[in-house]
Each structure stands twice: as structure tokens, then as C-alpha cells.
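**Student:** My questions are about this predicted structure, shown below with the sequence.
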Amino acid sequence: MLLCVLLFSPLVRAEDPPQLWFYQSINLLPEENLDEIEPLWRRASAAGYTHVLLVDSKFGRLNEMGKAYFQHVDRVKKLAGELHLQIVPAVYPIGWSNDILGHNPNLAEGEPVKDALFVVDKNGEANLVPDPAVSFPAKPKWHDDSVKIEGGVATVRNNKGNARFTYELTVPPYRCYHVSVKIKTDHYSAKPELKALADSAGFALSYNDLGVKKTQDWTEHHIIFNSLDRTKVQIYFGVWDDAKGTLQWNDWKIEEVGLLNVLRRDGTPLVVKSDDRVLVEGKDFEPVKDPKLGRVPYAGEYQVWHAPPAIKTKLPEGTKLRVSWYHPAVINDSSVCVCLSERESQDLLADQAKRVRAAFEPKGMMMEHDEIRIMNHDVACQARHLTPGQILADNIAFCTEQLKGVDTYVWSDMFDPNHNAHDKYYLVNGTLAESWKGLPTSVTVMNWNFGKRDESLKFFAGRSNKQIISGYYDGNVAATDQWIASAKKVKGVVGYMYTTWQDKYDDLEAFAKRVRQ
């Protein structure tokens, strides 16, 4: 009899069904975008979805939004309530920090340039003079057989496998370089890349996406790289894949450059020396700034290349200066990372969380720490004498503290030793190991490490963090089954998220069905 009571007692229940999430990035300001949201959210609700992870670049600029924007927020909140969907707004764009860097573009993490040579001209302007001059030799060091170089034009047609040509250069450490090249394509199916790799280790110094179209006439493209502590650099032009169509390269050049995107804050000092004397800004030379820093084409966006500003001075013509400064790294399409060691950065993050929280009154909030590809180069970071992992641990603890009282979520990659939380990650100066030590166990991890899902799920389960599996990624919905099989091996997986970067919601119902089954 007692056994029957226990079996049918309301205190003993089957495991709760998994939460079903979907990801949506959208601008809530245009009213027509709200008209797109409603039918999608109704589909999601009908398919059993319980949460929407809502991302809007405007969340970093709520102080600039007018009455109409907040009326739109109220409209989506009302719709979510009707459909029993929980809105989880995203805050803290750390990694892809452009949204909050619009407030102060000087807060970007900076790479150092040391003792570059500037010379004053007859107009009272000091500009960079290459020291030493660096240029491409007449012939590349080597090229794949699929690349034909004639008359200064490198041509690739219907290549099978890699199609590259490369130069090896000797450069001084801690200098900034600009590489330009003209590219022409005719229905070319692969992605042309231009890479600066350091010495034989193949450490990448640049990660710019050239943005080449499948068919285009001759168009100039640019990358910027800092030599950091290296003296040998390999410049690769090419593709790393089979391709159809025609690709041509022409007029490739390299040059050392001056104060491009110079960062101006205490944590990124500009030092100008004449012999052994440190010159005083505002006295020996006019205040320096790059007016295009983080402003082109709009606030928070950083141009990879434009003409750098000069140093204006009344020093005699021919005066030699040694100049040191810091500049941001633009990663992939346009990603620039905020410096986590500046107090103003923390203030901006806290202010964003406060404003988003007031606007949405959410039960949960998402922390967007993700793909943090540069850290610990500038004075603000170096002065702390911490590893990047320790810096990130401190930051995630700070950010979580601002969200007390709501459920908190975070992407997995920067706190996962099986993913990005390790040494030699992109341009991070030092190891990201132990970043997870600042992550409270109360935070639910949005796990997207499909390649090492067993190890990753086990790691966070061992820390007692609940997990939501972030799947799909505009790929094969059937891969969800592999996630589900791995999730069964651990405790604490509480949900699954349909994650699309391409606004591709064709498989929304199919994804839900696989999870529910």
C-alpha cells in the first residue's frame, strides 16, 4: 500500500520536459520588423517552444532610443505573454563588442606598436617613415601548381585543392603593417583569403575577412596586422578549398603604417620621443586622434584601412621621432573586442544590463561572452598581472553580479577547456585556462561545442552548471540526434535551442519534433 502511495504521489513526477528555445537577432526599431516577428513566434509557440533568446544591437544603445522603440518592446512583450513565450534578452556583447563600443571607440582592446620612426616634414607634420622599408620580392617564395603567375597577375581557374602563393618577410617586432591587393572574380565559388602568419609556427597575426564577391571587377582589398614579438612573417594569398570559376590577384603591396585607428585612453598611452626626451602632447605637438576611429560607417564600426592621421608639431623639419601607440584588431567581418580591464567598460556593461532589465522585466538574461579573440595586450590589462583566463573570470563574476534576481545564461566556448578556454587562442596574449573559475554554478551554459560535445557536456555537468544545447546552426537538423544522444550521458541538460545566424527558420518545427521525441 505504501509503495502505491509513493508511486502515485504528486511529489514523485516524471522528469520535466526539456525547454525549447529559438534564437532571434532583429532590430526592434523598424515597425515592419515586428510584423515579421509575430508569425514566427506564433509558429514557435504552436511547435512547443518556451523561450526566445532575443538579440538586438539597440540593446547597447537604449539611452539613445526614443518613445517608439520602447512601445515596440511593449508590443513584443505582450505578444510573448499571449503565446506563453519567455523573452530572454541578450546583454554584454563581449567578443563582438561593437554595439557598446559605439559609446566610446577608444575602449577597444589594443595591440602595441613600439618605437616606430616618424619624421617632421616642411608642413610641420610628422608621418611614419618605414624603418626598415618592407616590400614583396619580385617572385613569391612558392606557389601551388594551380596558381599561374604572369605579368604580375596570379590566376586560378577551377582549382582542385589549395591554390596559394606566399612571401616570407623579415620585419621588426611590434610594428603595424598594411597589405593591399586587387582581386577580380568570375563566378568563383571559394572564399579568397589573405593571411599574415608568424614564422614557421603558423601563428596568425590577422583575421580580416576580405569580403570578396563571387563575381566582381578589379576591387582593392585590405588587411592590417601587427608583427607583435615576431620578426619573420609569411603572407599568404589564396584559397584552401576546391573551387569552380576564375580568381585573379593583382598589384599586391605591403607597407608599414602610422597612427591608423590610434586608441586614446590611459590604458593605451601614446608616447612620442625625440632622442631620449618624451614630448608633451598639447605642448610639443597637437593632440592626436583618428577622427574615423570606430565611426565608419557608423558608431561602433572600425574601418580596416584608411589614411592615418599625422602628428602636427612646430618641431624643425627633419626632426626624427620614435612613436609608440595602440590600435584595435578587426576580426573577421568587423568584430572588435572591448578591453575588459577598463573601469569605463565595466560601467557601460552595468548600464546596459540595467536598461535592458528595466525595459523587459525579464525572468532571465543572456550574457553574450563569446569568441573573445584578443585580450591582455594593452597597459590596462598588463598592469593587472593576470592571465587572460583570470581577467575573464573576474569579468564574468562581475557581470553575473549585475544580474542578481534573474536566471542567467552564457555561451559555453570561452569557459570550456575543450573549446576556446586554453592557450594560443587567436590574438589572446596568454592562456584562457581557468576562466571558468569565475563562472557561478547558478549560470546555465548554452553549449555549442558540437565537435567535442561529450567532453564539453561532461565538463560543465561536473561543475554543476545546468546546460542548454545550442544546436542546428543553419545545418542538418538531423545532427540534433547526436546532441540528444550525448545529453543522455550527463545530468543537468534542461533544454535545446534552435540556433540560426541566417534567419533560417524552415526547420523550426522539425527541430522541435526531434527534441520532443
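**Tutor:** Structure's in. What do you need?
**Student:** shaky segments in this protein?
**Tutor:** 1-15, 200 (pLDDT under 70).
**Student:** Next, name the residue at the spatial heart of it.
**Tutor:** W96 (3.7 Å; Cα atoms, centre = their mean).
**Student:** surely that one meets H369?
**Tutor:** No. The pair W96 and H369 fails to qualify as a contact (Cβ atoms under 8 Å) at a distance of 10.2 Å. Just so you know, the C-beta spots here come from the backbone N, C-alpha and C atoms, and that holds for glycine as well.
**Student:** count of residues packed around the closest residue to D284 other than its chain neighbours?
**Tutor:** With Cβ to Cβ, 6 or more residues apart in numbering as the measure, T313 is the residue that lies nearest to D284, at 6.5 Å, once sequence neighbours are left out. Using other Cβ atoms under 10 Å, T313 has 19 other residues around it.
**Student:** right, and T313 touches P287 too?
**Tutor:** No. At 11.4 Å, T313 does not count as touching P287 under the criterion of Cβ under 8 Å.
**Student:** which residues are in contact with both of the two?
**Tutor:** Both T313 and P287 lack any common contacting residue under the criterion Cβ atoms under 8 Å, 6 or more residues apart in numbering.
**Student:** Look up how far S334 lies from the nearest residue to S57 once chain neighbours are set aside.
**Tutor:** Nearest-residue entry for S57: D99, 4.7 Å, with adjacent residues in sequence omitted and distances by Cβ to Cβ, 6+ apart. Relative to S334, D99 is positioned 11 Å away (criterion: Cβ to Cβ, to the nearest Å).
**Student:** which one of those two has more residues nearby?
**Tutor:** Set side by side, D99 and S334 show unequal neighbour counts under other Cβ under 10 Å, the larger going to D99 at 24 against 16.
**Student:** Now for the more buried one: which residues touch it?
**Tutor:** Taking Cβ under 8 Å, 6+ apart, we find D99 in contact with 57, 59-61, 93, 300.
**Student:** re earlier: for the residue nearest to S57, what are phi and psi?
**Tutor:** D99 has phi and psi values of phi -60, psi -40 when expressed as degrees, to the nearest 10.
**Student:** so which strand or helix has the residue nearest to K320 when sequence neighbours are not counted?
**Tutor:** Of all residues not flanking K320 in the chain, V119 sits nearest, at 5.6 Å (Cβ to Cβ, 6+ apart). Assigned by DSSP states H and E, V119 falls within strand 111-120.
**Student:** Just give me how far that strand sits from the chain centre.
**Tutor:** Averaging C-alpha coordinates over strand 111-120 and over its chain gives two centres that are 27 Å apart (Cα atoms, centre = their mean, to the nearest Å).
**Student:** Tell me the gap between whichever helix or strand comes after it and the middle of its chain.
**Tutor:** Using DSSP H and E, the helix or strand that directly follows strand 111-120 along the chain is strand 125-128. The offset between the C-alpha centroid of strand 125-128 and the centroid of the whole chain comes to 32 Å, using Cα atoms, centre = their mean.
**Student:** just checking, what packs against strand 125-128?
**Tutor:** Of the remaining helices and strands, those touching strand 125-128 by 3 or more Cβ pairs under 8 Å, 6 or more residues apart in numbering; DSSP states H and E are strand 111-120, strand 311-312, strand 320-327.
**Student:** what's the angle between the last one and strand 111-120?
**Tutor:** To tie it back to what came earlier, the one meant is strand 320-327. Angle between the axes of strand 320-327 and strand 111-120 is 150 degrees (criterion: axes from the mean of the first three to the mean of the last three Cα atoms, to 10 degrees).
**Student:** Tell me which residues of the helix or strand just after strand 320-327 come out buried.
**Tutor:** Next helix or strand after strand 320-327 toward the C-terminus (DSSP H and E): helix 343-360. Burial within helix 343-360, assessed by neighbour count using 16 or more other Cβ atoms under 10 Å, is assigned to 344-346, 348-353, 355-357, 359-360.
**Student:** Alpha carbons only: can I get helix 343-360 in PDB?
**Tutor:** As requested, C-alpha coordinates have been extracted for helix 343-360 and formatted as PDB (Å, rounded to 0.1, in the frame of the first residue of the first chain):
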ATOM      1  CA  ARG A 343      36.600  50.800 -15.400                       C
ATOM      2  CA  GLU A 344      34.600  52.600 -18.100                       C
ATOM      3  CA  SER A 345      34.000  49.300 -19.900                       C
ATOM      4  CA  GLN A 346      32.500  47.800 -16.700                       C
ATOM      5  CA  ASP A 347      30.300  50.900 -16.300                       C
ATOM      6  CA  LEU A 348      29.000  50.500 -19.800                       C
ATOM      7  CA  LEU A 349      28.200  46.800 -19.300                       C
ATOM      8  CA  ALA A 350      26.400  47.500 -16.000                       C
ATOM      9  CA  ASP A 351      24.400  50.400 -17.500                       C
ATOM     10  CA  GLN A 352      23.400  48.200 -20.400                       C
ATOM     11  CA  ALA A 353      22.200  45.400 -18.100                       C
ATOM     12  CA  LYS A 354      20.200  47.900 -16.000                       C
ATOM     13  CA  ARG A 355      18.500  49.500 -19.000                       C
ATOM     14  CA  VAL A 356      17.600  46.200 -20.700                       C
ATOM     15  CA  ARG A 357      16.300  44.800 -17.400                       C
ATOM     16  CA  ALA A 358      14.100  47.800 -16.900                       C
ATOM     17  CA  ALA A 359      12.700  47.600 -20.400                       C
ATOM     18  CA  PHE A 360      11.900  43.900 -20.500                       C
END
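**Student:** can you give me how far that helix is from the chain middle?
**Tutor:** Relative to its chain's centre, helix 343-360 lies at 20 Å (Cα atoms, centre = their mean).
**Student:** Pull the residues that contact it.
**Tutor:** Residues from elsewhere that reach helix 343-360, judged by Cβ under 8 Å, 6+ apart: 59-60, 62-63, 70, 73, 77, 87, 89, 91-92, 94, 100, 103-104, 107, 265, 338-339, 362, 365, 395, 398-399, 402-403, 406.
**Student:** now, which of these lie within strands?
**Tutor:** 87, 89, 91, 365 (DSSP state E).
**Student:** Bridged to the third one, which residues?
**Tutor:** For V91, the residues forming beta bridges with it (DSSP bridges) are M367.
**Student:** Roughly how far does it sit from K354?
**Tutor:** When distance is defined by Cβ to Cβ, V91 is 10 Å away from K354.
**Student:** Domain map for this structure?
**Tutor:** 17-104+337-516, 110-333 (automatic domain parsing).
**Student:** Filter the contacts of helix 343-360 down to the ones in helices?
**Tutor:** Under the assignment DSSP state H, these contribute 70, 73, 77, 100, 395, 398-399, 402 to helices.
**Student:** Could you tell me how many residues sit around the closest residue to I396 other than its chain neighbours?
**Tutor:** Nearest residue to I396 in three dimensions, chain neighbours excluded: G438, at 4.6 Å (Cβ to Cβ, 6+ apart). By the measure other Cβ under 10 Å, the count of residues near G438 is 19.
**Student:** Same check on the one 4 residues further on?
**Tutor:** If you count neighbours by other Cβ under 10 Å, S442 ends up with 12.
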